[in-house]
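> Predicted coordinates and the sequence they were generated for:
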Amino acid sequence: MIDFYGMSSPNVRKVGIMLEELGLPFEFHHVNVFAGDQYESDFWKINPNRRVPAIIDREGPGGEPFAVFESCAILIYLAEKHGKFLPADAKGRSLAMQWTMFQAANVGPIFGQLNHFMRVSREGNDYSYGRYERESKRLYAIMNQRLEESPYLAGDTYTIADIATYPWAAYIEQHGFDKSPYPAMMKWIGEI
């Protein structure tokens with residue numbers, strides 16, 4: 001059984017997708033970060049950064065409960081533990097890890113900042129908004145180019161790279177971008 005802590009966000013969704021894909025039983029614990037729940041409790045014992053998502057695997061290493069934080073670290077942990085969605089061969093594993101890190105280091109942070117400047121702090125921040133809008137379009141183009149070459153980000157196999165990136169890529173409509181320059185990515189989104 002997995003204790004799954006979160007609320008609504010792409011990073012939380014990717015962990016939910018992974019748990020469902022693996023068919024693992026889990027109990028969801030809502031953490032209202034907008035109300036500051038992550039600061040009002042002992043949540044720091046689960047995630048010292050006090051962000052969601054986080055999990056506690058009740059049957060972790062050695063049969064002991066084990067907390068994992070950071071969404072991509074959770075995906076890697078679950079993939080390795082259950083032997084799915086992370087190729088065993090060196091090339092396949094490297095490609096899956098590269099594209100997972102591409103999401104963690106680029107897609108998530110840039111799209112997250114664009115979301116912030118679109119929804120919360122647009123007025124008076126034209127430079128910031130424009131920067132994140134341009135960078136988001138660039139990242140969508142990279143994903144589209146990759147998906148023109150292969151059916152999934154890491155190649156021929158659905159991996160944690162796809163699970164990590166899909167919830168963020170699906171933001172294209174919320175970002176108000178024209179989808180037509182990204183047909184391969186839109187096909188991939190539809191398939192997932």
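Good, I have the coordinates.
> Which residue is the nearest non-sequential neighbour of the residue nearest the centre of the chain?
The chain has Ala164 as the residue nearest its centroid, 3.6 Å off, counting by Cα atoms, centre = their mean. For Ala164, ignoring the flanking residues on the chain, the nearest one in space by Cβ to Cβ, 6 or more residues apart in numbering is Gln103 at 4.4 Å. Heads up, the C-betas are built off the backbone N, CA and C, glycines and all.
> Next up, the contacts around the one you found.
With contact set as Cβ atoms under 8 Å, 6 or more residues apart in numbering, Gln103 has these partners: 72, 161, 164-165, 168.
> list the helices and strands the longest helix seen in the chain packs on?
Determined from DSSP state H, the single longest helix within the chain is helix 126-149. Applying 3 or more Cβ pairs under 8 Å, 6 or more residues apart in numbering; DSSP states H and E, one finds that helix 126-149 makes contact with helix 108-119, helix 160-169, helix 183-191.
> can you pull the buried residues of it?
Across helix 126-149, burial judged by 16 or more other Cβ atoms under 10 Å covers 129, 132-133, 135-137, 139-140, 143-144, 146-147.
> ok, now stretch 145-162?
146-147, 152-155, 157-162.
> How about stretch 164-181?
Buried, per 16+ other Cβ under 10 Å, within stretch 164-181: 164-172.
> still on that earlier bit, give me the contacts around the longest helix of the chain.
If you take Cβ under 8 Å, 6+ apart as the criterion, helix 126-149 is touched by 99, 102, 106-107, 110-111, 113-114, 117-118, 121-122, 153, 165, 169, 172, 175, 177, 181-185, 187-188.
> Give me the nearest residue to His82, chain neighbours excluded.
Nearest residue to His82, sequence neighbours excluded (Cβ to Cβ, 6+ apart): Leu22, at 5.4 Å.
> Next one: the one you found from Arg138, what distance?
Relative to Arg138, Leu22 is positioned 33 Å away (Cβ to Cβ, to the nearest Å).
> In the sheet, which strands lie alongside the helix or strand harbouring Val68, parallel or antiparallel?
Per DSSP states H and E: Val68 is located in strand 66-69. Strand pairing for strand 66-69, using DSSP bridges, gives strand 54-57 (antiparallel).
> quick check: mean pLDDT across the strand it pairs with?
Averaged over strand 54-57, pLDDT sits at 98.
> Over to stretch 88-104?
97.
> got it, and stretch 172-188?
95.
> Same check on stretch 157-169?
97.
> so how far is that stretch off the chain centroid?
When distances are taken as Cα atoms, centre = their mean, to the nearest Å, stretch 157-169 is centred 7 Å away from the chain's centroid.
> Please apply the same query to stretch 183-192.
Distance, centroid of stretch 183-192 to centroid of chain: 16 Å (Cα atoms, centre = their mean).
> Can you give me the buried ones in it?
Buried, per 16+ other Cβ under 10 Å, within stretch 183-192: 184-186, 188-189.
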